[in-house]
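>>> sequence and predicted model, in that order:
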Amino acid sequence: MFRSALNSISPAREIRFKKRAIIFKKRWSYFLKPLHLKKFSSAFTKRFTSLNWKLQLGKLRILSGQEVCAILARHGFVEARQRGSHIAMQKRLADSTITVPVPNHTEIRIGTLQSIIRQSGIPKSAFEA
């Protein structure tokens with residue numbers, strides 16, 4: 001009798017366990033479906049990992065802060081101010097001003113360089129190797 005009392009679960013607790021089991025099945029069913037594997041077929045990986053595709057993209061060089069400032073200066077930017085290790089480059093247009101902060105480091109990270117390119121509006125080819 002004591003053993004049967006331990007094995008019995010209250011109805012409310014049993015419902016909670018069933019709900020958890022359903023949620024767990026849903027989570028894992030997403031990963032177990034073979035439909036998701038179709039995206040990564042051999043044609044897909046061949047097309048996007050081939051050497052020709054990588055060469056078409058163009059590769060950003062590793063540049064220093066001074067080199068980036070020189071490229072910006074060639075495109076009409078002027079050094080507005082400097083505070084610590086960051087230089088603010090500005091370009092005045094007829095109706096607005098573009099301000100681009102440039103870290104004065106020996107190597108600028110790729111993400112930072114991409115942000116500078118996006119803010120300045122200069123073509124990416126000016127920064128590529």
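Structure's in. What do you need?

>>> and the helices in the protein, which stretches?
Secondary structure of the chain, counting by DSSP state H: helices at 2-7, 11-32, 42-49, 51-57, 65-74, 110-120.

>>> does Cys69 touch Val102 like I think?
Yes. Between Cys69 and Val102 a contact is recorded at 5.7 Å, counting by CB atoms under 8 Å. (Each C-beta comes from the backbone N, C-alpha and C, glycine too.)

>>> neighbour-wise, which of the two wins?
Taking neighbours as other CB atoms under 10 Å, Cys69 and Val102 compare with Val102 leading, 28 against 19.

>>> contacts only, for the more buried one.
Under the criterion of CB atoms under 8 Å, 6 or more residues apart in numbering, the neighbours of Val102 are 65, 68-69, 72, 86-89, 108, 116.

>>> and with 10 Å instead?
Neighbouring residues of Val102 by CB atoms under 10 Å, 6 or more residues apart in numbering: 63-69, 71-72, 77, 79, 82, 85-89, 108, 112-113, 116, 119-120.
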